[in-house]
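Asker: my questions are about this predicted structure, shown below with the sequence.
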Amino acid sequence: MPEKIWLEQPRMILKAVIMSLALVAGTSALPEMNDDDINISVSADEVATVVWDYLSQLNSDASGTVDQRAELTQKLKTFFQENMLVSFQDKLFPDEMEKELVPFAIDLYKCLTKDLQRKKEEIQKELEDLQGEMAPHTQEVKQKVGDNARLLQKILRPYSNMLKDVVDRMSFLNAQVIKSIKDLENGLSDNAKSLQALVSSMPNKIKENFKMNLLEFQAILIEYQHEIKKMINHPIKELNNSLAPFVQDMHKLNHQLEGLSFQLNKETLKLVANISASIQELWKLLEPAMLRGNMDELQKSLAKLNRSVEEQVEEFQLKVSPYIETFDKAMGQKVEEFGQKLGPHAGYMDDHLIFLEKDLKDKVKSSFNSLKKKIQNRKTGNVPIPNPTGAGTELGPLEQNSANLG
């Protein structure tokens, strides 16, 4: 049950995040957290999203020029720098990523967009066939899709409510500050040596408490994303079963449902990315306000820090809460839109781009994960694995892979 996983086992979750960070960094263990900032893990999904967002802005004109490769490399470097502050052998963005992943991604995009018009026609024909088969059952299809949208929202609601509870609990982020204020008041009667030791330890204690709380929230987000991904499978399967009686070619329906599942997971990733960015932003706002151990002004500084934390957390909650509140609704709308495009006279809605994005992201994720393993194997002395298929090579093998789009 999510509540047990998230709220009763924070240490296990935090351990999972640290292990995830270690894996991404290509190490077998992470001995300690970075003292200078929060460690945020970078997932293959997020890397693939950065690649897609950049390449899709080129309007199918990714020719693989030096400038394009440099721009994509810089975007990935910036993303790593902003989201993960553990290093790959003293580098935030390892050489392997620049040498293999970037050329691979551009070559793949060139390949997948090369025959885009043909793919567009194939997807359009697939939808038209499904629309024709379901036309005699329009009302039943509409009802079943609507039921499925409500089922998905019902499944997601407890998870989103728990996420809201975590956001609400962020108001206690200043608990360590309040404790330090009380400790200082109680310690004023102690001798100068013990008081100095108390004062000296306060800034680090507060800073570490903030980091641990924000890291735990990030851990919960990672768990949330994994849980939602699993939960999505149930309504997709239910929708498949309920629409199957109206369809002769199940392959076409399954293919379209793959597209729907991809869109739902994309919405989940978007929610997690937005909240993660807000966590990172909160840390950057709080860190400059940290105490510097000035004994004479410590009481005033603690009071000022307490007010600052309250204000920043309140702003954080106001920014993040709407993301969660609209998430379930957005997911239900995606299912409803899926039903609409199966209806008569639905027209065409550039669905081929969904499958282009899905295929590119799947292959970039695979390439990224292979590179992570390669880095890890090199550091642990294991035999390195081969380069990702097609990275920096001619387009032939990738053209074969692009057949999976249809």
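Answerer: Noted; the coordinates are in hand. Bear in mind that the values here come from a model prediction, so they are computed numbers and not experimental data. Residues are numbered from 1 along each chain as shown.
Asker: contacts, neighbours, all on C-alpha from now
Answerer: Fine.
Asker: quick check: residue 200 vs residue 206, distance?
Answerer: Counting by Cα to Cα, to the nearest Å, the separation of residue 200 from residue 206 is 11 Å.
Asker: those two: who's more crowded?
Answerer: For residue 200 versus residue 206, the count of surrounding residues by other Cα atoms under 10 Å is larger for residue 206: 21 against 16.
Asker: which other helices and strands does the helix or strand containing that one contact?
Answerer: Using DSSP states H and E, the element containing residue 206 is helix 192-243. Using 3 or more Cα pairs under 8 Å, 6 or more residues apart in numbering; DSSP states H and E as the contact test, the elements touching helix 192-243 are helix 10-25, helix 138-169, helix 175-187, helix 250-286.
Asker: which SSE is immediately downstream of the last one?
Answerer: Which is helix 250-286. On the C-terminal side of helix 250-286, the closest following helix or strand by DSSP H and E is helix 298-342.
Asker: what element comes up after that next one heading to the C-terminus?
Answerer: helix 351-380.
Asker: quick one: mean pLDDT over that next one.
Answerer: If you average the pLDDT over helix 351-380, you get 85.
Asker: give the buried residues for that helix.
Answerer: Using 16 or more other Cα atoms under 10 Å as the test for burial, helix 351-380 gives 351-361, 363-377.
Asker: for it, name the packing helices and strands.
Answerer: With contacts defined as 3+ Cα pairs under 8 Å, 6+ apart, helix 351-380 has these neighbours: helix 10-25, helix 44-56, helix 102-114, helix 116-134, helix 250-286.
Asker: taking helix 116-134 as reference, get the angle to that helix.
Answerer: In terms of direction (axes from the mean of the first three to the mean of the last three Cα atoms, to 10 degrees), helix 351-380 departs from helix 116-134 by 120 degrees.
Asker: now the angle from helix 351-380 to helix 102-114?
Answerer: In terms of direction (the same axes, to 10 degrees), helix 351-380 departs from helix 102-114 by 160 degrees.
Asker: helix 351-380: how far from the chain's middle?
Answerer: For helix 351-380, the gap between its own C-alpha mean and the chain's C-alpha mean amounts to 14 Å (Cα atoms, centre = their mean, to the nearest Å).
Asker: for stretch 258-272, same thing?
Answerer: Taking the mean C-alpha point of stretch 258-272 and that of its whole chain, the gap between them comes to 10 Å (Cα atoms, centre = their mean).
Asker: what does it contact?
Answerer: Applying Cα atoms under 8 Å, 6 or more residues apart in numbering, the external contacts of stretch 258-272 come out as 45-46, 221-222, 225, 228-229, 232-233, 236, 323-324, 327, 330-331, 334-335, 338, 354-355, 358.
Asker: and if you look at stretch 173-183?
Answerer: Stretch 173-183 is touched from outside by 202, 205-206, 209-210, 213, 299, 302-303, 305-306, 309-310, 313, with contacts defined as Cα under 8 Å, 6+ apart.
Asker: run the last query once more with 6 Å
Answerer: The contact list for stretch 173-183, computed with Cα atoms under 6 Å, 6 or more residues apart in numbering, reads residue 206.
Asker: quick one: that stretch to chain centroid distance?
Answerer: On the basis of Cα atoms, centre = their mean, stretch 173-183 is displaced by 32 Å from the centre of the chain it belongs to.
Asker: need the mean per-residue confidence for that stretch.
Answerer: Across stretch 173-183, the average pLDDT comes to 84.
Asker: cool, and stretch 285-304?
Answerer: Per-residue confidence for stretch 285-304 averages out to 73 on the pLDDT scale.
Asker: likewise for stretch 239-253?
Answerer: For stretch 239-253, the mean pLDDT works out to 94.
Asker: before we move on, back to that, between the helices and strands packed on helix 192-243, which one is nearest to residue 123?
Answerer: If you check each of these against residue 123 by Cα to Cα, helix 250-286 wins as the nearest, at 9.0 Å.
Asker: buried residues in the closest one?
Answerer: The neighbour-count criterion (16+ other Cα under 10 Å) identifies 252-253, 255-272, 275-276, 278-280, 282-283, 286 as the buried residues of helix 250-286.
Asker: compute the inter-axis angle for it and helix 298-342.
Answerer: 160 degrees.
Asker: and the angle from helix 250-286 to helix 138-169?
Answerer: What separates the directions of helix 250-286 and helix 138-169 is an angle of 20 degrees, with the same axes, to 10 degrees.
Asker: do you know how far residue 280 is from residue 354?
Answerer: Going from residue 280 to residue 354 by Cα to Cα gives 30 Å.
Asker: same check on residue 303?
Answerer: Spatial separation of residue 303 from residue 354 under the definition Cα to Cα is 52 Å.
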